[in-house]
Each structure stands twice: as C-alpha cells, then as structure tokens.
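*Asks:* Any chance you can model this:
(one chain, ligands or ions: 1)
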Amino acid sequence: MRHRHSDYMLWAKTQGRARFNLATSGVGSFPLHALPVTIDQLEINGDSTYGYAPLQHAIGKKCGVDPDTVVAAAGTSMANHLAMATLLDPGDEVLIEQPTYELLTSMLLYLGAAVKHFARTEESGYALDPAQVRHVITRKTRLIVLTNLHNPSSVLASETALREIGGMARSVGARVLVDEVYLDAVYTNTPRPSYHLGPEFVVTSSLTKVYGLSGLRCGWILAEPSLARAMWRLNDLFASIPAHPAELLSVVALENLDTIRDRSRKIVEADRALLHEFLARQEAVSAPRTEFGTTAILHLENRNIDDFLTRLRTKYETSVVPGNFFGLPNHFRIGMGVDHEMFREGLQRIGQALKV
Ligand SMILES: Cc1ncc(COP(=O)(O)O)c(C=O)c1O
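*Replies:* Just a heads-up that it's a prediction; the model follows:
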C-alpha cells in the first residue's frame, strides 16, 4: 500500500501545543501590522503564470540567482514535494540523512522511492559526513536528501562536506536536494544557498521558520533552468496558481527581510544562552552545543522517555517533540525563538520533570 500520511504532522497539528510550547521549530509570528504595507498595495487577482515576475525577481535577488532558476511554491513543504516529484520515478534509489525531518521521508515513500539512509551520528555531533554517504551511494542513486541547518540538531554543514557530496552525486548522475529552511538562522556570515556549489544541487527554502511569516507560504526551489521549467510544468498538476495577495505581501517581506529577521534574533539568542546554561547543569540530558538555529535535540539519560514525556505534559503543561519522530528514541526536540519567558519556564519545567 502506498504511503499516504505523516505521523509527525498529525501529532504536530493535534498534540503539539501546550501552555509551555517547546514543540516549535520556527520563530514567533511576525505580525501583519509590522509589515510596511497598506491595503491599496494589495489586490485579489494578478499576473501570475509561471511565477509572479516581481516575486521571482525578489527571491532571485535574495538568493543571488537568476529568476529563471526560481520555482515558487507554497512553503518549503510544497517545494520539497515538487522537487522530489520532478526528480524521481517510482523505485528510484534515494539516500536521506538519518535522523531527519519526518516529512521528507514520508514524501519519498509516497512517491515510491527506494529509500536508503546515511547516518548523521550522535557521536559526531550529527555532523554531515561525506564518508557516511560514500558507504551507501551506488550507481543507481538518483537523489541525496539532507537538511541544512540540520533538523532536529541545528548543526551547520560545512561547505567542504557539501561539495564532496555534490561530487559523489555528480559521479553517478544524481542530484543533491538541500532543504535550507533554517539556514538563515545563521545570523552572521550566513552561507549562500548551496545551489551555488554546482548544477547537481537543488535547494528548497521559505520565509517561514526564520522570519515568522509561515502564513504567507512563501517558499521556493532553486534549480538549474531546464529543471526549474520541468518543475513549473509539474506544478500545473498540483497548485496551478498561487494566492495573489500572498505573493504581493511576500514581495514586501522580501524587501524588508533584514528587519524581519532581526526582530526574533534577540529571542533566539537569549533562548540559546538559557539552553546552554541548562545543559551545563543538567546531568540527565545532553545535546551538541550549536551556535545557530531554532531547534535542539536532547538525549535523555537513564530515564524512561515515555514516562518523562507524559509527566512533562500532564503535570508540567509543557510540550516537546518526541525523538521517535526522528528515529531517535530516548531523545526529544525543543524549539527556540518564540517567547523568552515561555522558554525559560518550559526549561524549568523540564528540569522539574527530570527530577524523578
Ligand atoms: C526541514 C524542514 N523543512 C520544511 C519544513 C516546512 O517548512 P514550511 O513551513 O516552509 O513549509 C519544516 C518544518 O518544520 C522543516 O523542519
């Protein structure tokens, strides 16, 4: 039977929330009233066919690429789906990092790909290690899928590792799909999209996680022009025409990106400082220290994870994401950048729930 669901998404939509919600992955919402836009700048219908030209240009400018390499999509979610559906036939061999964002694996299974994993090991601090790809790549590999920053750990991949993986992909005629939805959370020396590393790279991203603009669903794919055209053609079967008011608002957002990103930066950084203090004094949990990103994956030592998660939720009104969704039992993921006081209280409650 074909895979047609995501267990993680069902959980996130129905059980993710709590009074102290640390089950988040992006920063807090950026409010519409803070966007420099007036109603007369908006319109219901517009001239959007294979992209809305001003939005194509704005995304191209942000990413340092020509607009004809940009395929607009409803969030990174649809961008991933469209990219994979264009690149793959049923039965194609795909390598995907483990652990990773569950939706990526679910989409590959839905598309009928033959999924193989390469490890990002906890011992290495979840580093992207080309040697792990070398272990599993074959002449039949069509696609290599990874996230940067890595979800769940927020670890940044080195350009050297990405280039080496690109070289391996090229040698067997495969592509590398890099989901960069968290990459702009690298606030200093933000790396360029890995699309710039070579034509085998296909990149997906959006204005959701790092900018608090999820509701605009402003996402995109970067791919070489012939591939981008094939994606636009396939998109006719999926989404056809996007919501034009969202396109107009997205153009305004892209003109004001630095201001929008800075709004939540202080919260992300203050939350991370608290997390590092917490990890330094807590023996019951461990996690790689990261400099950037909005999520962290914590390893629970010598405790029963199910009991802990239930206690945390029922007695301490705090939600975190169970590590099972990343194939990491005995772990849980927490999110930063929404509300500093909520994060402080949530961490304190995690500390209390650990005391049993
Ligand atoms: C790695 C990754 N890609 C994509 C998404 C979804 O992004 P969007 O809201 O832009 O569709 C998420 C959401 O958690 C994610 O973690």
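
*Asks:* Do a quick rundown of the helices in the stretch 201-350 of the chain.
*Replies:* Shown for the stretch 201-350 of the chain, the helices assigned by DSSP state H, counting those that start in this stretch span residues 225-238, 244-255, 257-281, 305-314, 340-354.

*Asks:* And stretch 232-250, end to end?
*Replies:* Taking CA to CA, to the nearest Å as the measure, stretch 232-250 stretches 19 Å from start to finish.

*Asks:* is any part of it close to the ligand?
*Replies:* No: Stretch 232-250 is not in contact with the ligand by CB under 6 Å from any ligand atom; minimum separation 12.1 Å. Heads up, the C-betas are built off the backbone N, CA and C, glycines and all.

*Asks:* can I get the helices of the stretch 201-350 of the chain in a markdown table with mean pLDDT?
*Replies:* Below are the helices of the stretch 201-350 of the chain laid out as a markdown table (pLDDT from 0 to 100):
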| stretch | mean pLDDT |
| --- | --- |
| helix 225-238 | 98 |
| helix 244-255 | 98 |
| helix 257-281 | 97 |
| helix 305-314 | 98 |
| helix 340-354 | 98 |
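
*Asks:* Would you mind telling me which of those helices is nearest Leu55?
*Replies:* Across the helices of the stretch 201-350 of the chain, Leu55 has its closest neighbour in helix 244-255 (5.1 Å, CB to CB).

*Asks:* And that closest one, what does it pack against?
*Replies:* Helices and strands touching helix 244-255, by 3 or more CB pairs under 8 Å, 6 or more residues apart in numbering; DSSP states H and E, are strand 51-52, helix 53-63, strand 218-222.

*Asks:* picking up where we left off before, next, format the helices of the stretch 201-350 of the chain as a markdown table and append mean neighbour count.
*Replies:* Shown next, in a markdown table, are the helices of the stretch 201-350 of the chain (neighbours: other CB atoms under 10 Å):
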| stretch | mean neighbour count |
| --- | --- |
| helix 225-238 | 16 |
| helix 244-255 | 20 |
| helix 257-281 | 16 |
| helix 305-314 | 16 |
| helix 340-354 | 18 |
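
*Asks:* Can you show me the strands along the stretch 51-200 of the chain?
*Replies:* With DSSP state E, counting those that start in this stretch, the ranges of strands along the stretch 51-200 of the chain come out as 51-52, 70-74, 93-98, 114-119, 141-147, 175-179.

*Asks:* Please save the CA atoms from the fourth one in PDB.
*Replies:* The reference is to strand 114-119. The C-alpha coordinates for strand 114-119 follow below in PDB (Å, rounded to 0.1, in the frame of the first residue of the first chain):
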ATOM      1  CA  ALA A 114      13.600   3.100  -2.700                       C
ATOM      2  CA  VAL A 115      14.800   4.900   0.500                       C
ATOM      3  CA  LYS A 116      18.200   4.300   2.000                       C
ATOM      4  CA  HIS A 117      19.700   6.100   5.000                       C
ATOM      5  CA  PHE A 118      23.100   7.600   5.700                       C
ATOM      6  CA  ALA A 119      23.900   8.400   9.300                       C
END
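
*Asks:* what does that strand rub up against?
*Replies:* 91-98, 105, 108-109, 129, 132-133, 135-136, 144 (CB atoms under 8 Å, 6 or more residues apart in numbering).

*Asks:* buried subset of those residues?
*Replies:* Applying 16 or more other CB atoms under 10 Å to the contacts of strand 114-119, the neighbour count classes 92-98, 105, 108-109, 129, 132-133, 144 as buried.

*Asks:* got the contact list for the one residue in the stretch 1-150 of the chain that gets nearest to the ligand?
*Replies:* When scored by CB to the nearest ligand atom, the stretch 1-150 of the chain has Gly75 as its residue closest to the ligand, at 2.7 Å. Contact partners of Gly75, counting by CB under 8 Å, 6+ apart, are 206, 208, 214, 217-219.

*Asks:* Could you rerun that using 10 Å?
*Replies:* 81, 181, 204-209, 214-220 (CB atoms under 10 Å, 6 or more residues apart in numbering).

*Asks:* before we move on, the earlier item: for the buried ones among the contacts of strand 114-119, which two are the farthest from each other?
*Replies:* Leu109 and Asp129 (24.4 Å).

*Asks:* Contacts (any at all) between the ligand and stretch 110-125?
*Replies:* No: counting by CB under 6 Å from any ligand atom, the ligand has no neighbours in stretch 110-125; the shortest distance is 13.2 Å.
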